[in-house]
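**Student:** everything below, folded, please.
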Amino acid sequence: MAFLSSGDQRRESAVGRTLFDFADQLGIRVPTSCGRQANCHECIVDVTCGMKALLPRGGSEEFLRGTYRLACQAVVVDDSVDVEFSPLIRRPRILTSSAAAESDIDAIVVRQGGIVFYDGEAIDEDRGRICGLAVDWGTTTVALELLDLETGICLWGSAFENPQRFGGSDVINRISYDGGAGHGELHKSAISTLNHEIKEICSALRMERLQIYEIVVVGNATMRDLFFGLDVQSIGQRPYKSRIEHEYLANRRTDTTLIELAYRLGVLAHPKARVYGAPLIASHVGADTAADLLATGIYCSTETSMLVDVGTNTEVVIAHQGRLVAASCPAGPAFESGLITYGMTGCDGAIEELTRNSQGWSYRTIGDVQPQGICGSGLIDLLAELRRAGMMTPKGVFSNKARLISIVPEEGITFSREDASNLAQAKAANYCGQYIVMRDCGVRPGDIKHLYLAGGFANYINARNAIDIGFLAPVAEERIVKVGNASLSGARQMLLSRRKRREIEEVVRSVEHIELESTSDFFELFVEGCQFKPMPAELGD
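**Tutor:** Down below sits the predicted model:
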């Protein structure tokens, strides 16, 4: 007898039934808008075990590869083999914004005398409420807020794993995917997923989607432009600039913002609602970093400050003596669940804290439930503890030449030499970004008065452990400020304030961009950064 399972739910397998049928039995939400006819391409699931028990892919699934299937088309043909699958959309833990009203509101959408206006243009009659969406479309995680545009109150906040990962775990793979037979599928996935979220929000709040009059989208250059359905191939080729940036540099446009009517993108909002794509900075340093700058305000500071937005693409920005210098670090997905055997995002069951004593490992999971894997903050703790205990060298070699270390024996959770190697390379990208930008500005770690740490799991990082393995520059811990999802906070400000929007559009013009790989000693620094040891307090020339 074989079983179908997802998470900790199991059902007996049966020939002739689809994975969608089993998802229904297991109580798992799998999105669809075509009635399971394979037209909408929304019901993608990841089959982690038992692919051979399923009917081979048909023509409607030709855009998929690897372990991904459409749940409505994946039919069980062999009930003697266990099958494990999971939907692409899971709900990670997020930092929710305050529900309090904003004091600085100058929204572009207002209502006067029973009429709703967008930038002075009458677009609708008063429906009782005017709302907007702030969206941070990250490579790994998407977060959004529904805001009342008159009070600034957050009416709804949510986050979910980016369902576009069937096209690859990082931006380079997604660019490649979108340039092939699957062209357009990533854009389609983004819009359909946002629409499902809008439907859920409207149902829960008992409101009309027609009361949503503006949407602000931030993300790196690839994620933002894919959302708008633009060609992203130029971002993956030297000089790694989007089509929009090329047009801006050629004086064919005045800035790098995007504005499109929601209905033209297929977004379920008011037909005359606009979708505003925040400005890009340069190359892979995109609209999410612009939003970070707005949220932290480091461009206004007279003190030396550094922003590190940790993610699949980590961004580093330093404000020093009137300069703003930025770089993008291709860290990859290792600290956000990719390439690590038991890695996972910050969902229930993820080990987020790890310590070691004479008795072995102790840990804490998100949701205080049984451990299923280890998320980014837990992986940083794990690496630091392995070094302190002498169980791993700076080069990631385990003691006694072991290839595997047991972390939670009762759950079979282990950590391998290959896992350590993948984390070393991800850490090295973060290391190089901080090192090179500091050096370019003539700044030492000790000169930094404020280190703003942003990003999905960054708020939960143990700063001392991160410094000890070289993940963060050795800045005094009391100077480290965890700012949570600053990209979403910045998007929120752009949605609520026309003045803030114009301000950041001007600020991004002044940012100097460093292409890390063009730095003469980049590869030497990368090799050094692969070691699990602190960054030096004095940087070389």
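**Student:** so what's the nearest residue to I340 once chain neighbours are set aside up against?
**Tutor:** Distance criterion CB to CB, 6 or more residues apart in numbering; nearest residue to I340, sequence neighbours excluded, is D419 at 4.9 Å. For the C-beta atoms, the positions are set from N, CA and C on the backbone; glycine is no exception. Residues counted as contacts of D419 (CB atoms under 8 Å, 6 or more residues apart in numbering) are L339, I340, T341, G343.
**Student:** need the three-state assignment for D419.
**Tutor:** Classification of D419 using DSSP: H, G, I helix; E, B strand; the rest coil returns helix.
**Student:** any idea how far it lies from E185?
**Tutor:** Distance from D419 to E185, counting by CB to CB, to the nearest Å: 30 Å.
**Student:** show me the strands in the stretch 51-200 of the chain, by range?
**Tutor:** Along the stretch 51-200 of the chain, the stretches classed as strands by DSSP state E, counting those that start in this stretch are 68-70, 83-87, 109-112, 115-118, 121-125, 131-137, 141-148, 154-161.
**Student:** tell me which of those strands sits most buried.
**Tutor:** Most buried of the strands of the stretch 51-200 of the chain, by mean neighbour count (mean count of other CB atoms under 10 Å): strand 131-137, with a mean of 27.
**Student:** now it and strand 141-148, what's the angle there?
**Tutor:** 170 degrees (axes from the mean of the first three to the mean of the last three CA atoms, to 10 degrees).
**Student:** parallel or antiparallel, list what pairs with strand 131-137.
**Tutor:** strand 141-148 (antiparallel), strand 212-218 (parallel) (DSSP bridges).
**Student:** tabulate those (TSV), appending mean pLDDT and distance to S189.
**Tutor:** As requested, the strands paired with strand 131-137 are arranged in TSV below (pLDDT from 0 to 100; distance: least, CB to CB, whole Å):
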stretch	mean pLDDT	distance to S189
strand 141-148	95	11
strand 212-218	98	15
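**Student:** the ones you listed into CSV, with extra columns for distance to G168?
**Tutor:** Listed next are those as CSV, based on distance: least, CB to CB, whole Å:
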stretch, distance to G168
strand 141-148, 15
strand 212-218, 20
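**Student:** so which of these gets nearest S362?
**Tutor:** strand 141-148 (27.4 Å; CB to CB).
**Student:** next one: phi and psi at the closest residue to C72 other than its chain neighbours?
**Tutor:** Take C72 and drop its neighbours on the chain: the residue closest to it by CB to CB, 6+ apart is R36, 3.9 Å away. When read as degrees, to the nearest 10, the backbone of R36 gives phi 70, psi 40.
**Student:** hang on, K241 packs against D225?
**Tutor:** No: under the criterion of CB atoms under 8 Å, K241 is not in contact with D225, lying 11.1 Å apart.
**Student:** which one's more surrounded, those two?
**Tutor:** D225 (27 against 20; other CB atoms under 10 Å).
**Student:** leaving out chain neighbours, which residue sits closest to that one?
**Tutor:** Leaving out its chain neighbours, D225 is closest to V232 (CB to CB, 6+ apart), at 5.1 Å.
**Student:** dump the strands of the stretch 51-200 of the chain to CSV, plus distance to R502.
**Tutor:** Output for the strands of the stretch 51-200 of the chain, formatted as CSV (distance: least, CB to CB, whole Å):
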stretch, distance to R502
strand 68-70, 42
strand 83-87, 40
strand 109-112, 16
strand 115-118, 16
strand 121-125, 18
strand 131-137, 17
strand 141-148, 19
strand 154-161, 23
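**Student:** figure out which of the ones you listed is closest to H284.
**Tutor:** strand 131-137 (14.4 Å).
**Student:** how far off centre is that closest one?
**Tutor:** 15 Å (CA atoms, centre = their mean, to the nearest Å).
**Student:** what of stretch 520-535?
**Tutor:** 25 Å.
**Student:** start and end of that stretch, how far apart?
**Tutor:** 19 Å (CA to CA, to the nearest Å).
**Student:** contacts only, for the residue lying closest to L194 once chain neighbours are set aside.
**Tutor:** Leaving out its chain neighbours, the residue that sits closest to L194 by CB to CB, 6+ apart is V267, at 6.3 Å. V267 makes contacts with I191, L194, N195, I198, I215, A273, V275, as judged by CB under 8 Å, 6+ apart.
**Student:** can you tell me which of those are buried?
**Tutor:** I191, L194, N195, I198, I215, A273, V275 (16 or more other CB atoms under 10 Å).
**Student:** closest one of those to L423?
**Tutor:** L194 (31.8 Å).
**Student:** if I read this right, the closest one contacts V135, doesn't it?
**Tutor:** Yes: in this structure, L194 is within contact of V135 by CB under 8 Å, at 7.1 Å.
**Student:** joint contacts of these two?
**Tutor:** With CB under 8 Å, 6+ apart as the test, L194 and V135 both reach L144.
**Student:** domain ranges for this protein?
**Tutor:** The record's domain split for the chain, according to automatic domain parsing, is 3-87, 109-283, 288-332+423-529, 346-415.
**Student:** and the first one, end to end?
**Tutor:** Looking back up the chat, that one is domain 3-87. Domain 3-87: ends 17 Å apart by CA to CA.
**Student:** just the mean pLDDT for that domain, thanks.
**Tutor:** In this model, domain 3-87 has a mean pLDDT of 87.
**Student:** off-centre distance for it?
**Tutor:** 25 Å.
**Student:** just the second one next, same as before
**Tutor:** Averaged C-alpha coordinates place domain 109-283 at 15 Å from its chain's average position (CA atoms, centre = their mean).
**Student:** distance of G168 from G66?
**Tutor:** 9 Å.
**Student:** all the strands of the stretch 201-350 of the chain, residue numbers only.
**Tutor:** 212-218, 258-261, 274-277, 305-309, 314-320, 323-329, 350-357.
**Student:** is I108 in contact with E121, as I believe?
**Tutor:** No: if you go by CB under 8 Å, I108 and E121 don't touch, sitting 10.2 Å apart.
**Student:** among the contacts of D419, which pair sits farthest apart?
**Tutor:** L339 and T341 (8.7 Å).
**Student:** the two: who's more crowded?
**Tutor:** Applying other CB under 10 Å to L339 and T341 shows that L339 carries more neighbours, namely 19 against 14.
**Student:** per-residue confidence for that one?
**Tutor:** So, for L339, pLDDT stands at 84.
**Student:** now R91
**Tutor:** 70.
**Student:** ok, the closest residue to it other than its chain neighbours to M438 distance?
**Tutor:** In space, and not counting its chain neighbours, R91 is closest to F160: 5.5 Å by CB to CB, 6+ apart. Separation of F160 from M438 (CB to CB): 35 Å.
**Student:** ok, A14 next?
**Tutor:** Following CB to CB, the distance that separates A14 from M438 is 60 Å.
**Student:** more neighbours: which of those two?
**Tutor:** M438 (23 against 13).
**Student:** could you pull out the helices for this structure?
**Tutor:** 19-26, 171-178, 185-205, 221-227, 243-249, 262-265, 287-296, 376-388, 417-441, 463-468, 486-496, 498-507, 522-529 (DSSP state H).
**Student:** now do the buried residues in the last one.
**Tutor:** Within helix 522-529, the residues that qualify as buried by neighbour count (16+ other CB under 10 Å) are F522, L525, F526, E528, G529.
**Student:** quick one: least confident helix or strand in this structure?
**Tutor:** Least confident helix or strand of the chain, by mean pLDDT, DSSP states H and E, is strand 3-6 with a mean of 73.
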